[in-house]
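Visitor: show me how the following folds:
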Amino acid sequence: MDVVSKKSKVPRKGRWIIVLLVLMILCMGYMAWRLVGVGSNAFATGFQSPDMAAAQYTDRTVRANLGGVPVAIPPYFAEYVEYDGDPGWGGKRQGPKPVRTPESKIRSFGFDIRYPDMAGKSTPELWDDYRKRRLATDQWIDVGFHSGERYNGAGSAERIGGGTINSKSDFWLDQYEKLNQDEHGLEVYALIGMDPREGKPAREHQNAKDIFIKRGWSGKITTYISCSNREIPSAPCQQFFDLEPEMHASVTVMYRRGLLSEWQQIQEKVKKTVLGFSVAKQN
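Guide: Residues are numbered from 1 along each chain as shown. As a prediction, the model looks like this:
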């Protein structure tokens with residue numbers, strides 16, 4: 001009798017396990033539904049109402065010194081801020097965190113901004129637009145700045161561009177030559193030679209890049225752009241330029257290659273946006 005009773009308990013335990021698993025799956029499904037269905041702004045707002053989410057941005061303006069200029073940067077444009085003396089990403093701070101003042105010097109920061117209206121992620125609706133962007137038609141661009149301790153002085157585009165197109169390296173992915181035809185008002189440089197492993201032109205390699213250069217009146221490079229040569233809608237470009245003489249800072253902008261034809265407008269609008277953070281401009 002004891003043996004029979006013991007055997008009869010085994011399937012009951014199995015049924016309880018199945019019931020628990022079903023309940024767990026239902027709970028997980030409910031949470032997934034909440035994340036997606038409760039509001040398209042869930043991730044952007046931290047599961048808050050739109051009014052509460054908007055309110056959290058009202059008192060986080062970054063007041064500091066950017067490239068020698070006093071600035072007041074709205075919180076939605078100050079997503080990643082480092083100051084002179086900070087330990088850097090992954091590092092540990094030695095001693096207490098300094099009190100930030102308008103005299104604190106920014107060494108780097110960055111933000112996402114929508115081109116061409118140059119709107120930041122200032123509302124739940126704009127956050128939603130950012131999340132719903134598509135690779136082939138993406139209008140959001142990624143902007144980063146180096147200043148303070150990370151600023152190497154005017155001429156960053158000249159240093160980066162000159163080092164690339166005049167490379168002394170024998171590596172086949174470093175060999176560039178100038179093409180006869182300019183594009184979008186820019187000099188174009190492409191890889192030459194062959195991929196020794198595949199026997200194909202170096203320019204067809206998945207890591208191949210085309211280089212685009214704008215020179216100033218002195219012949220020095222003022223804008224340097226490198227673009228992936230992959231034939232995909234999301235092929236990225238990186239654009240480098242300085243904010244001299246208005247600010248002692250260098251800028252990097254990332255966008256899809258489909259926007260390359262508008263490089264000059266992008267540069268002008270980014271510059272206007274960041275110079276607009278100047279306290280003097282806001283008074």
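Visitor: give me the residues contacting whichever helix or strand residue 190 is part of.
Guide: In this structure, residue 190 is located in strand 187-191 according to DSSP states H and E. Residues from elsewhere that reach strand 187-191, judged by CB atoms under 8 Å, 6 or more residues apart in numbering: 164-165, 172-173, 175-179, 181-182, 201-203, 205, 208-215, 229. Where C-beta positions appear, they are placed from N, C-alpha and C, glycine not excepted.
Visitor: make it 6 Å
Guide: Contacts to strand 187-191, defined as CB atoms under 6 Å, 6 or more residues apart in numbering, come from residues 165, 176, 178, 179, 202, 203, 208, 210, 211, 212, 213.
Visitor: among these, name the ones in strands.
Guide: Counting by DSSP state E, the part of these found in strands is 176, 178, 210, 211, 212, 213.
Visitor: with distance to residue 156 and pLDDT added, can I get those in a markdown table?
Guide: Compiled in a markdown table, those are given as follows (distance: CB to CB, whole Å; pLDDT from 0 to 100):
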| residue | distance to residue 156 | pLDDT |
| --- | --- | --- |
| 176 | 19 | 95 |
| 178 | 21 | 97 |
| 210 | 20 | 97 |
| 211 | 15 | 98 |
| 212 | 16 | 98 |
| 213 | 13 | 98 |
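Visitor: list only those of those flagged as buried.
Guide: Among these, those buried by neighbour count (16 or more other CB atoms under 10 Å) are 176, 210, 211, 212, 213.
Visitor: from residue 82, how far out is residue 94?
Guide: Separation of residue 94 from residue 82 (CB to CB, to the nearest Å) stands at 15 Å.
Visitor: okay, the two: which has more neighbours?
Guide: With neighbours defined as other CB atoms under 10 Å, residue 94 and residue 82 compare such that residue 82 has more, 19 against 7.
Visitor: buried sites along stretch 83-98?
Guide: Neighbour-count burial for stretch 83-98 [16+ other CB under 10 Å]: 83, 84, 86.
Visitor: relative to residue 122, which of the residues you listed is nearest.
Guide: Nearest to residue 122 out of the buried residues of stretch 83-98 is residue 83 (CB to CB; 23.1 Å).
Visitor: any stretches of the chain with poor pLDDT?
Guide: For the chain, applying pLDDT under 70 flags the ranges 1-59, 88-90, 281-283.
Visitor: try 90
Guide: 1-60, 79-80, 86-98, 168-170, 193-194, 197-199, 231, 233, 280-283 (pLDDT under 90).
Visitor: and the helices in it?
Guide: Assigned by DSSP state H, the chain shows helices spanning 2-37, 42-45, 50-55, 124-131, 156-165, 263-275, 279-282.
Visitor: which other helices and strands does the fifth one contact?
Guide: Applying 3 or more CB pairs under 6 Å, 6 or more residues apart in numbering; DSSP states H and E, one finds that helix 156-165 contacts strand 221-228, strand 236-242.
Visitor: between strand 221-228 and the shortest one, find me the angle.
Guide: Our comparison of strand 236-242 with strand 221-228, counting by axes from the mean of the first three to the mean of the last three CA atoms, to 10 degrees, yields an angle of 170 degrees.
Visitor: restricting to C-alpha, output strand 236-242 in PDB.
Guide: Provided in PDB are the C-alpha atoms of strand 236-242 (Å, rounded to 0.1, in the frame of the first residue of the first chain):
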ATOM      1  CA  PRO A 236      28.000  54.300 -42.200                       C
ATOM      2  CA  CYS A 237      30.000  57.500 -42.700                       C
ATOM      3  CA  GLN A 238      32.100  59.300 -40.200                       C
ATOM      4  CA  GLN A 239      32.700  63.100 -40.600                       C
ATOM      5  CA  PHE A 240      35.400  65.000 -38.800                       C
ATOM      6  CA  PHE A 241      35.900  68.700 -38.400                       C
ATOM      7  CA  ASP A 242      36.800  71.400 -35.900                       C
END
